[in-house]
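**Q** Give the three-dimensional model of this entry:
(one chain, ligands or ions: 1)
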Amino acid sequence: MKILEPLIFDLSAEGRTAVSLPVCDVPKEAVETLVPPAYLRVQEPELPQVSEIDAVRHFTRLSTFNHGVDSGFYPLGSCTMKYNPKVNEALARLSGFATIHPYQPENLTQGALQLMAELQDDLAEIAGMDAFTLQPAAGAHGEMTGILIIRAYHEHRKDSKRTKVIVPDSAHGTNPATAAMAGFEIVQVPSNERGGVNLEELRKVANDEVAALMLTNPNTLGLFDENITEIAKIIHDVGGLVYYDGANLNAIMGIARPGDMGFDVVHFNLHKTFATPHGGGGPGSGPVGVKEFLAPFLPKPVVKKQADGTFTMDYERPLSIGRVRSFYANFGVLVKAYSYIRSLGGEGLREASENAVLNANFLMQVLKEHYYVPYDRVCMHEFIITPKNLKEYGVHTLDIAKRLLDYGYHPPTIYFPLIVEEAMMIEPTETESVETLTQFAEALIKIAEEARTDVELVKNAPHTTLITRLDETGAARHPNIRWRKA
Ligand SMILES: *Cc1c(COP(=O)(O)O)cnc(C)c1O
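**A** Numbers count the residues shown, from 1 in each chain. Here you go, the predicted model:
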């Protein structure tokens, strides 16, 4: 930590500043009458007083302490940390898109509306769905929107018995959380030995109290459930609907479509699959697509093309679940997704998915000799390994993840999914070369060797990073994220 401290706070010198503003010409009395007293600042803020160069150096330096996909390989499973082409950023920054305001009248925003309408159509084609809303601001928000649509559908049919939502035990945590927030009871179904849904167990819980099944396919084990049409049929036969968590679409773009698998509702994470960087936590976008019979329940407004070729926001939707966010969407993310889809085209999207799957299988095959692979079958865009074969040396997944930092890699997702003990979930993505994948595999192989010969080296890692092993529980329970002047 010593390296951080002298950087900006100790450089502070009374009266030094990076800006020179004209003297405020609003009289003090005017401020006091206009601003309610509760909002008036009584004390100067405690900020470091530094020059522009001090501030620039401080933040530039801090930025180099972080690992990003632009600085290195980032195989964080389920998060699709792929490289996002800069051309999409450039387009989102065009002033016509970047400076548009949601209160502008429709005759001045036709271009933006057209982009939204065409993106809705593109996503519908990719998903095999009939209609889309672009409103939800993240994956979990999309799930919430989708489940509210399903709830509204059952309520509209006066089918009030449906209080349950089924989720497999391999589900992403947001699925049961969403269903619970929407007031449903969660019913968990176990996976079978191949990592898919156990059909017998599913049949046991499928009845007329089921509102929906929520499923990810490929699931969080990176496996495609080959029984998917049968699964959908089991739920449809009892009057339930089938929800597709399409946060990670990277394995199937242009190859398989949730709509064709039998799903009724789907959400996508544009910030995972469709070219928006998300390592810093946002902004995201989780559009939701539905089959025709659910379209009346979509959030309003929906962008619509009119008979004369112009575009409008359609509010005349009496069965709509209403708005799910302010204004229309995280628009900049939509521009990037549109630019990504249109620059790759159908063929390009398919190729991206094929390479994502190829890269994951290549890496899995190389690592298979050195780590335990719980589901030894062709994987999709990601796969799971564990250090079960190294157990006798006392090494754990957390140690291996930390040691990877010394080799310059962001660790994979660890201890998820929960149904695999000591899981490491690796998602290489299509944007990495065979050389990068090979070097990463070599690092993991070397760590396995270190565990056998010098386990303390691994157990005390990382050694080369600015901050070494943290008390993770302490850091999560009592986070210290704000600077205060001593
Ligand atoms: C990332 C992810 C989500 C949640 O997406 P957010 O945008 O983080 O809310 C949901 N399901 C799966 C399978 C995911 O990988």
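**Q** For my notes, confirm Gly289 occurs in a strand.
**A** Yes - the assignment for Gly289 by DSSP: H, G, I helix; E, B strand; the rest coil puts it in a strand.
**Q** all strands of the stretch 151-300 of the chain, in order?
**A** Assigned by DSSP state E, counting those that start in this stretch, the stretch 151-300 of the chain shows strands spanning 164-168, 185-189, 210-215, 241-246, 265-268, 288-290.
**Q** can you redo the ones you listed as TSV with mean pLDDT and distance to the ligand?
**A** Using the backbone N, CA and C atoms, a C-beta is placed for each residue, glycine as well. Conversion of these to TSV gives the following (pLDDT from 0 to 100; distance: least, C-beta to the nearest ligand atom, whole Å):
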stretch	mean pLDDT	distance to the ligand
strand 164-168	97	11
strand 185-189	98	15
strand 210-215	98	9
strand 241-246	98	5
strand 265-268	98	8
strand 288-290	98	12
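**Q** can you redo those as CSV with mean neighbour count?
**A** Converted to CSV, the strands of the stretch 151-300 of the chain look like this (neighbours: other C-beta atoms under 10 Å):
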stretch, mean neighbour count
strand 164-168, 26
strand 185-189, 17
strand 210-215, 26
strand 241-246, 28
strand 265-268, 30
strand 288-290, 30
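**Q** Switch those over to a markdown table; also include distance to Ile255.
**A** Listed next are these as a markdown table, based on distance: least, C-beta to C-beta, whole Å:
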| stretch | distance to Ile255 |
| --- | --- |
| strand 164-168 | 22 |
| strand 185-189 | 26 |
| strand 210-215 | 18 |
| strand 241-246 | 13 |
| strand 265-268 | 15 |
| strand 288-290 | 17 |
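**Q** Nearest to Thr413 among those would be which one?
**A** Nearest to Thr413 among those is strand 241-246 (15.8 Å), distances taken as C-beta to C-beta.
**Q** neighbouring strands for that closest one, and are they parallel or not?
**A** strand 210-215 (parallel), strand 265-268 (parallel) (DSSP bridges).
**Q** Dump that strand to PDB, keeping only the CA atoms.
**A** Presented in PDB, the C-alpha positions along strand 241-246 are these (Å, rounded to 0.1, in the frame of the first residue of the first chain):
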ATOM      1  CA  LEU A 241     -43.700 -21.300 -19.900                       C
ATOM      2  CA  VAL A 242     -40.000 -21.800 -20.600                       C
ATOM      3  CA  TYR A 243     -37.500 -18.900 -19.900                       C
ATOM      4  CA  TYR A 244     -34.100 -18.800 -21.600                       C
ATOM      5  CA  ASP A 245     -31.300 -17.100 -19.700                       C
ATOM      6  CA  GLY A 246     -29.300 -16.000 -22.700                       C
END
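**Q** Low-confidence regions, the stretch 351-486 of the chain specifically.
**A** Scanning the stretch 351-486 of the chain with the threshold set as pLDDT under 70 gives 483-486.
**Q** Could I get the full set of strands for it?
**A** For the stretch 351-486 of the chain, strands defined by DSSP E, counting those that start in this stretch occupy the ranges 383-385, 413-414, 424-426.
**Q** Looking at these, which one is packed in the most?
**A** Sort the strands of the stretch 351-486 of the chain by mean neighbour count, taking mean count of other C-beta atoms under 10 Å, and strand 383-385 sits at the top with a mean of 27.
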